[in-house]
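can you look at this prediction? I've put the sequence above it.
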Amino acid sequence: MTKPARSRAEEQFAATQKKAKQALIEKETMQKERAEHMASLRALRLAKETSEKADAEKAAAEKIAATVKKTPNLPRAHRR
């Protein structure tokens with residue numbers, strides 16, 4: 001006894017729907033993983049930029065401090 005055509009068609013349709021649903025789940029999983037990866041890269045970049053900015057500010061402050069210390073104590077007549 002063979003299955004009626006409608007029953008076979010319904011089984012094929014169900015299998016196709018199941019494959020489509022699985023493909024959608026995989027696609028969403030990949031998108032989520034990519035978004036998480038991009039977020040971690042962004043966090044690392046921002047941390048690096050913050051660190052570099054702090055280092056640059058520290059170097060500038062040290063340079064200004066060194067310039068201030070190097071100013072000789074001249075008599076008032078010789079100061080500009």
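It's in.

quick one: the most centrally placed residue in the chain from residue 9, how far?
Geometric centre of the chain, nearest residue: residue 42, 2.1 Å, by Cα atoms, centre = their mean. Counting by Cβ to Cβ, to the nearest Å, the gap from residue 42 to residue 9 is 49 Å. Yep, even glycine has a C-beta here, placed from its N, CA and C like the rest.

likewise residue 38?
Taking Cβ to Cβ as the measure, residue 38 falls 43 Å from residue 9.

again with residue 15
11 Å.

run the chain-centre distance for stretch 60-68.
35 Å (Cα atoms, centre = their mean, to the nearest Å).

check stretch 45-58 too.
In terms of Cα atoms, centre = their mean, the centre of stretch 45-58 is set 16 Å apart from its chain centre.

what of stretch 51-66?
A distance of 27 Å separates the centroid of the chain from that of stretch 51-66, by Cα atoms, centre = their mean.

same question for it, mean pLDDT?
Averaged over stretch 51-66, pLDDT sits at 92.

equivalent analysis for stretch 12-23, please.
97.

if we go by neighbour counts, what in it is buried?
By neighbour count with 16 or more other Cβ atoms under 10 Å, stretch 12-23 contains no buried residues.

pull the CA atoms of that stretch into CSV?
Extracted as CSV, the C-alpha positions of stretch 12-23 are listed here (Å, rounded to 0.1, in the frame of the first residue of the first chain):
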residue,chain,number,x,y,z
GLN,A,12,7.9,16.7,1.9
PHE,A,13,6.5,20.1,2.9
ALA,A,14,7.2,19.5,6.6
ALA,A,15,10.8,18.3,5.8
THR,A,16,11.3,21.5,3.7
GLN,A,17,9.9,23.7,6.5
LYS,A,18,12.2,21.9,9.0
LYS,A,19,15.3,22.5,6.9
ALA,A,20,14.3,26.2,6.3
LYS,A,21,13.8,26.7,10.1
GLN,A,22,17.2,25.1,10.8
ALA,A,23,18.9,27.3,8.2
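
from the middle of its chain, how far away would it be?
Stretch 12-23 sits 35 Å away from the centroid of its parent chain (Cα atoms, centre = their mean).
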